[in-house]
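Enquirer: I need the structure of the sequence given here:
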Amino acid sequence: MSEARVRGLVLGSALGDAAGVVRGRWPAEGPLRIGVSSQLAAFTIEGAIRASVRLDHKGICHAPSVVWHAYCRWAFLQGIEPERVSERWTGYSDARWPNGWLAQVPALRERRGSAPATVAALTGLKQGTPTQPVNGSRGAHALTRSLALGLLHLLSGPNTCATLVRATAALTHGAPDAQDAAVGAARLVSHCLTENDPFRAWTASRPGDDHPTDALVRSLPMPHSANPDTVLDLLKTPGGVPDPGQLAWIAPDATASSALLGALLVVSRFPDRDTVGAALQFAAGAPDGNSVAATAGALLGAAHGADALPVDLLSRLELAWVLDTLARDLLQQYVDSPGGGEYVPARDPHWWDRYPGG
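Expert: A predicted model of the protein is given here:
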């Protein structure tokens with residue numbers, strides 16, 4: 001795993017999200033706007049960093065609650081029940097809220113699409129859990145906003161990562177299959193961050209070869225109630241021609257499972273470093289192009305690194321600097337803890353101000 005791959009993971013997902021916004025028809029000039037899933041992804045990453053900082057300094061932390069707090073900051077900036085949300089976290093205190101550097105980014109105050117399940121949960125000011133869901137939503141945001149947490153599979157261990165990803169999805173999306181898809185996507189991200197040529201290794205196998213990805217695919221709801229072997233045959237067609245009809249069939253809606261299955265089809269057709277741009281354009285043509293392209297972009301970026309992303313597009317991507325900074329800081333926090341801890345002095349005296357863990 002390298003920093004370039006971690007950056008590729010985060011930036012690739014956002015670039016895929018932007019491809020979905022324009023349905024893969026890139027404008028000749030001007031900024032490329034992200035969608036709401038990239039905004040939520042930014043706050044998911046920030047929440048994960050702040051949870052780790054809190055654990056370093058306090059010795060105890062419930063990470064999903066810290067991520068929930070991050071989503072509340074996003075809701076406040078978006079003007080979603082700002083008075084109620086603010087009072088929930090400040091009471092009658094004079095302390096500045098929302099705090100941390102991410103809340104100062106102007107573009108995060110702008111609406112970039114809808115996130116109905118997330119907004120409904122935040123409006124109710126009640127965070128869900130895997131055992132006490134707040135709804136039955138199967139939506140793709142449960143997956144797309146938490147893709148970067150796949151890094152923790154490598155840094156904190158698979159069980160800790162799976163628990164956090166599932167709990168993060170459950171904050172606002174109660175359907176078990178949405179949570180399963182989010183956990184499975186995080187596991188795939190970890191493979192892409194470490195393996196050489198991960199897509200060819202998978203597509204070279206056939207159904208029944210017991211490749212780890214096969215079990216993941218079989219665990220997801222099948223499109224149109226198809227036989228899992230039919231889906232696996234489609235996903236593993238060597239050198240398969242990119243077919244928009246196949247993409248629409250395998251990823252027919254805006255659910256988390258569609259986002260993941262659609263992304264797997266995309267990377268099977270465009271596995272190479274020099275076809276990332278074409279992959280995102282193809283992915284954006286899915287019925288819910290934002291979620292499929294964001295997921296495919298994350299997998300491709302993690303596998304090939306940030307340098308594989310098209311420079312002409314990345315240089316125009318909204319929030320590129322913000323997301324790149326978050327990617328670097330997520331890795332740095334979990335590897336090196338720049339903010340120190342309860343008994344360890346901080347190497348970066350400003351880290352706590354950037355990511356308050358209180």
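
Enquirer: most centrally placed residue in this protein?
Expert: residue 147 (2.9 Å; CA atoms, centre = their mean).

Enquirer: what's the local residue count around the closest residue to that residue other than its chain neighbours?
Expert: Among residues not flanking residue 147 along the chain, residue 298 sits closest, at 4.3 Å (CB to CB, 6 or more residues apart in numbering). In this view, the C-beta of every residue, glycine as well, is placed from N, C-alpha and C. Residues contacting residue 298 under the criterion other CB atoms under 10 Å number 32.

Enquirer: and the pLDDT at residue 298?
Expert: The model reports residue 298 with a pLDDT of 98.

Enquirer: sorry, back to before: the residue nearest to the centre of the chain touches residue 12, doesn't it?
Expert: No - using CB atoms under 8 Å as the test, residue 147 is too far from residue 12 to be in contact (9.2 Å).

Enquirer: pull up the overlap in contacts between the two.
Expert: Here residue 147 and residue 12 share the contacting residues residue 298, scored by CB atoms under 8 Å, 6 or more residues apart in numbering.

Enquirer: break down the stretch 101-250 of the chain into its helices, ranges please.
Expert: 116-123, 141-144, 151-155, 158-170, 176-194, 198-203, 212-219, 228-235, 244-250 (DSSP state H, counting those that start in this stretch).

Enquirer: tell me the mean pLDDT over the fourth one?
Expert: Within the predicted structure, the mean pLDDT of helix 158-170 is 97.

Enquirer: I'd like to know which elements it is packed against.
Expert: Applying 3 or more CB pairs under 8 Å, 6 or more residues apart in numbering; DSSP states H and E, one finds that helix 158-170 contacts helix 63-78, helix 151-155, helix 176-194.

Enquirer: dump the ones you listed into CSV; add mean neighbour count as well.
Expert: Formatted as CSV, these follow (neighbours: other CB atoms under 10 Å):
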stretch, mean neighbour count
helix 63-78, 22
helix 151-155, 21
helix 176-194, 24
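
Enquirer: low-confidence stretches in the stretch 1-150 of the chain?
Expert: Along the stretch 1-150 of the chain, segments meeting pLDDT under 70 span 91-94.

Enquirer: quick one, strands of it?
Expert: For the stretch 1-150 of the chain, no strands are identified by DSSP state E, counting those that start in this stretch.

Enquirer: if I read this right, the residue nearest to residue 147 contacts residue 11, doesn't it?
Expert: No - contact criterion CB under 8 Å: residue 298 and residue 11 do not qualify, at 9.2 Å.

Enquirer: count of neighbours near the residue nearest to residue 152 when sequence neighbours are not counted?
Expert: Counting by CB to CB, 6+ apart, residue 161 is the residue found nearest to residue 152 once chain neighbours are left out, at 4.3 Å. When neighbours are counted by other CB under 10 Å, residue 161 registers 22.

Enquirer: looking at this protein, which helix is longest?
Expert: helix 36-58 (DSSP state H).

Enquirer: show me how far that one is from its chain's centre.
Expert: Distance of helix 36-58 from its chain centroid, counting by CA atoms, centre = their mean, to the nearest Å, is 12 Å.

Enquirer: what residues sit buried inside that helix?
Expert: 36-57 (16 or more other CB atoms under 10 Å).

Enquirer: circling back: so for residue 2, which of the helices of the stretch 101-250 of the chain sits nearest?
Expert: helix 176-194 (8.3 Å; CB to CB).

Enquirer: what helices or strands is the closest one leaning on?
Expert: By 3+ CB pairs under 8 Å, 6+ apart, helix 176-194 packs against helix 3-21, helix 141-144, helix 151-155, helix 158-170, helix 212-219, helix 256-269, helix 289-304.

Enquirer: give the buried residues for stretch 77-96.
Expert: Buried residues in stretch 77-96 (16+ other CB under 10 Å): 77, 78, 80, 81, 85, 86.

Enquirer: quick one: end-to-end distance for stretch 78-86.
Expert: Distance across stretch 78-86, first residue to last, is 12 Å (CA to CA, to the nearest Å).
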